[in-house]
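Novice: Compute the structure for the input listed below.
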Amino acid sequence: MEQADHIIDLGPGAGIHGGEIIAEGTVAQLKKNKASLTGRYLKTGIPHPLQSHYRKIEKGSARSPSGHSFITLTKATFRNLTNQTVHIPKNRLTMVCGASGAGKSSLIRDLLAPAATHSIKTKKATLTGKAFAKDGPSIEGNEGQVLFEKLTGAHEFRAVIEVDQDPIGKTPRSTPATYLGVFDIIRQFFASLPESKMRGYKPGRFSFNTPHGRCDTCSGAGRVKLEMSFMPDTYVTCEDCDGSRYGPELLDLHWKGKNIADVLSMSFEDAAEFFSFHSQLGEVMQLMVETGLGYLTLGQSSPTLSGGEAQRLKLVTELAKGLQSYTERSRGITRTNLYILEEPTIGLHLSDCEKLIRLLHKLVDQGHTVVVIEHHLDLIQEADYLVELGPAGGPKGGKILYQGPLAGIQKSKRSITAPYLKK
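Specialist: Numbering: from 1, shown residues only. The predicted structure follows:
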């Protein structure tokens with residue numbers, strides 16, 4: 001953007017809160033325009049660290065960290081990695097950076113993640129590479145090969161939760177509520193109504209993907225396809241259900257003043273308040289708000305989501321898997337997760353990046369360990385701990401150039417990232 005001759009800024013927010021051209025002009029003009037959110041970030045950027053301080057890393061050399069406070073993968077040899085040992089501090093925000101193709105995903109997603117998952121499954125404080133090669137999951141083209149010496153410190157996590165860039169699926173019947181899994185709980189509420197029980201309605205009746213409850217005309221799609229001669233097919237809103245997807249018998253049933261279609265029409269901002277009485281639903285709805293997706297509706301069709309929205313929806317889905325269960329919450333049990341994210345900033349505005357950073361810090365504050373593979377400098381500058389691979393991609397990469405607190409990378413003569421970071 002700094003190199004653009006002309007910038008068009010839309011907003012002021014996203015979804016229903018946007019749709020207006022709020023500013024346009026040169027970079028200098030946008031920076032002076034108080035209405036431009038983009039101009040504000042181009043002028044001041046994101047202040048680092050957002051939490052006003054970085055979390056301390058235990059004293060001592062990063063190459064010989066003490067005990068269980070670190071996850072340590074020793075002598076990893078995989079693809080372009082050769083005898084590389086990485087230490088990742090628990091309960092900290094770690095960024096993994098470096099040139100494209102340097103081996104970041106190979107080390108973290110393709111090797112550390114499955115090894116840590118197997119360590120949790122087998123409850124082994126020390127998992128040897130030989131044991132993993134024998135009993136662990138196969139890793140592409142390396143079945144039975146010893147890919148590392150040992151992994152320590154990963155067995156105490158509840159789970160390894162990965163968030164990647166794979167698409168979420170684009171079927172018109174998929175919605176944020178179904179993708180997140182919250183619609184199952186909502187349907188149970190409607191099935192528990194006295195009138196629903198009198199009629200013999202089960203939770204499945206309130207799904208727009210099954211017969212009986214859904215609108216017969218559009219089969220629960222909310223819209224009807226019109227086949228056009230010599231032109232692409234087009235879709236129009238179903239006249240019988242007015243896009244609600246349901247038949248009249250279900251629309252007569254109300255829970256807390258809303259029928260099933262009303263709930264699907266709610267934004268996640270409204271739903272966070274509406275479902276605040278339910279710990280699981282309330283937390284998931286709030287996660288959507290915190291990732292900047294509060295404007296989406298529960299029943300919005302997945303094909304209408306942008307690429308950035310789809311990726312953040314996937315992020316929330318994976319983060320929701322790490323929430324405490326009802327049993328854990330009622331018994332006061334706190335079990336932490338190892339979160340691994342790959343380039344979650346793709347398609348995000350700087351304002352969304354700031355929301356993402358705050359969410360990642362919130363996870364760490366809750367006791368989780370967060371590892372992010374990232375190129376975005378604003379996220380890298382929020383790291384408590386940094387692992388850099390390089391110096392280049394492919395055969396010229398695969399080496400850990402630096403690992404330690406963020407401030408220390410400026411002293412590294414090998415780092416190719418340090419010159420681009422604010423000092």
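Novice: Which residue ranges make up each domain of this structure?
Specialist: Domain assignment for the chain by automatic domain parsing gives 7-44, 67-158+336-420, 176-302.
Novice: For Leu323, find the nearest of these.
Specialist: domain 176-302 (5.5 Å; Cβ to Cβ). From N, CA and C alone the C-beta is placed, and that goes for glycine too.
Novice: Torsion angles phi and psi at Gln366?
Specialist: For Gln366, the backbone dihedrals (degrees, to the nearest 10) come out as phi -80, psi 0.
Novice: Could you count how many residues lie near it?
Specialist: For Gln366, the neighbour count with other Cβ atoms under 10 Å is 14.
Novice: will you turn the domains of the chain into JSON lines that also has distance to Tyr54 and mean pLDDT?
Specialist: Listed next are those as JSON lines, based on distance: least, Cβ to Cβ, whole Å; pLDDT from 0 to 100:
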{"stretch": "domain 7-44", "distance to Tyr54": "20", "mean pLDDT": "94"}
{"stretch": "domain 67-158+336-420", "distance to Tyr54": "5", "mean pLDDT": "94"}
{"stretch": "domain 176-302", "distance to Tyr54": "21", "mean pLDDT": "92"}
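Novice: of all those, which lies closest to Ser325?
Specialist: domain 176-302 (8.4 Å).
Novice: Surely Ile71 is in contact with Ala154?
Specialist: Yes. Look at Ile71 against Ala154 with Cβ atoms under 8 Å: they come within range, at 5.1 Å.
Novice: got any residues that touch both of these two?
Specialist: Common neighbours of Ile71 and Ala154, using Cβ atoms under 8 Å, 6 or more residues apart in numbering, are Ala116, Leu338.
Novice: could you show me where the strands are in the stretch 1-150 of the chain, in order?
Specialist: For the stretch 1-150 of the chain, the strands defined by DSSP state E, counting those that start in this stretch occupy 7-11, 20-25, 70-78, 81-89, 93-98, 126-128, 150-152.
Novice: Pick the most buried one from the ones you listed.
Specialist: With neighbours taken as mean count of other Cβ atoms under 10 Å, these reach their highest mean count in strand 93-98, at a mean of 27.
Novice: quick one: strands adjacent to that strand?
Specialist: With DSSP bridges as the test, strand 93-98 is paired with strand 369-373 (parallel), strand 385-390 (parallel).
Novice: returning to what we had before: same list, the strands of the stretch 1-150 of the chain, but as JSON lines with distance to Leu348 please.
Specialist: Shown next, in JSON lines, are these (distance: least, Cβ to Cβ, whole Å):
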{"stretch": "strand 7-11", "distance to Leu348": "14"}
{"stretch": "strand 20-25", "distance to Leu348": "18"}
{"stretch": "strand 70-78", "distance to Leu348": "27"}
{"stretch": "strand 81-89", "distance to Leu348": "24"}
{"stretch": "strand 93-98", "distance to Leu348": "16"}
{"stretch": "strand 126-128", "distance to Leu348": "35"}
{"stretch": "strand 150-152", "distance to Leu348": "32"}
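Novice: Ok, which of these comes nearest Thr304?
Specialist: strand 7-11 (16.9 Å).
Novice: For that closest one, name the packing helices and strands.
Specialist: Judged by 3 or more Cβ pairs under 8 Å, 6 or more residues apart in numbering; DSSP states H and E, strand 7-11 is in contact with strand 20-25, helix 27-32, helix 37-44.
Novice: Counting by contacts, list what the first one packs against.
Specialist: Contact analysis of strand 20-25 by 3+ Cβ pairs under 8 Å, 6+ apart lists strand 7-11, helix 27-32, helix 37-44 as its packing neighbours.
Novice: contact partners of the second one?
Specialist: Residues outside helix 27-32 that contact it (Cβ under 8 Å, 6+ apart) are 1-2, 4, 7, 9, 23-24, 36, 38-40, 42-43.
Novice: Take the helices and strands packed on strand 20-25 and write them to CSV, including distance to Arg205.
Specialist: Shown next, in CSV, are the helices and strands packed on strand 20-25 (distance: least, Cβ to Cβ, whole Å):
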stretch, distance to Arg205
strand 7-11, 41
helix 27-32, 52
helix 37-44, 44
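Novice: so which of the ones you listed gets nearest Gly367?
Specialist: Of the helices and strands packed on strand 20-25, nearest to Gly367 by Cβ to Cβ is helix 37-44, at 30.8 Å.
Novice: can you state the direction angle for that closest one and strand 7-11?
Specialist: Interaxial angle, helix 37-44 versus strand 7-11 (axes from the mean of the first three to the mean of the last three Cα atoms, to 10 degrees): 120 degrees.
Novice: roughly how far apart are the residue lying closest to Thr126 once chain neighbours are set aside and Thr128?
Specialist: Nearest residue to Thr126 in three dimensions, chain neighbours excluded: Thr152, at 5.1 Å (Cβ to Cβ, 6 or more residues apart in numbering). Using Cβ to Cβ, to the nearest Å, Thr152 is found at 10 Å from Thr128.
Novice: follow-up on the earlier one: I figured the residue nearest to Thr126 was touching Thr72, is that so?
Specialist: Yes. Using Cβ under 8 Å, Thr152 is in contact with Thr72, at 5.0 Å.
Novice: Next, count neighbours for the closest residue to Leu226 other than its chain neighbours.
Specialist: Using Cβ to Cβ, 6+ apart and skipping residues adjacent in sequence, the residue nearest Leu226 is Thr234, 5.1 Å away. The local packing of Thr234 (other Cβ under 10 Å) involves 11 other residues.
Novice: Next: Ala28.
Specialist: Ala28: 11 surrounding residues under other Cβ under 10 Å.
Novice: just the one 5 residues further on next, same as before
Specialist: Applying other Cβ under 10 Å, we find 18 other residues in the vicinity of Asn33.
Novice: same thing with Asp166?
Specialist: 10.
Novice: what sits against it?
Specialist: Lys314.
Novice: three-state assignment of it?
Specialist: Recorded secondary structure, Asp166: coil (DSSP: H, G, I helix; E, B strand; the rest coil).
Novice: For Ile168, state which of the contacts of helix 27-32 is nearest.
Specialist: Looking across the contacts of helix 27-32 and measuring by Cβ to Cβ, the closest to Ile168 is Thr38, at 26.8 Å.
Novice: Report the contact partners of the nearest residue to that closest one once chain neighbours are set aside.
Specialist: Among residues not flanking Thr38 along the chain, Asp9 sits closest, at 4.6 Å (Cβ to Cβ, 6+ apart). Asp9 makes contact with Ile21, Ile22, Ala23, Glu24, Leu30, Asn33, Ser36, Leu37, Thr38, Gly39, according to Cβ under 8 Å, 6+ apart.
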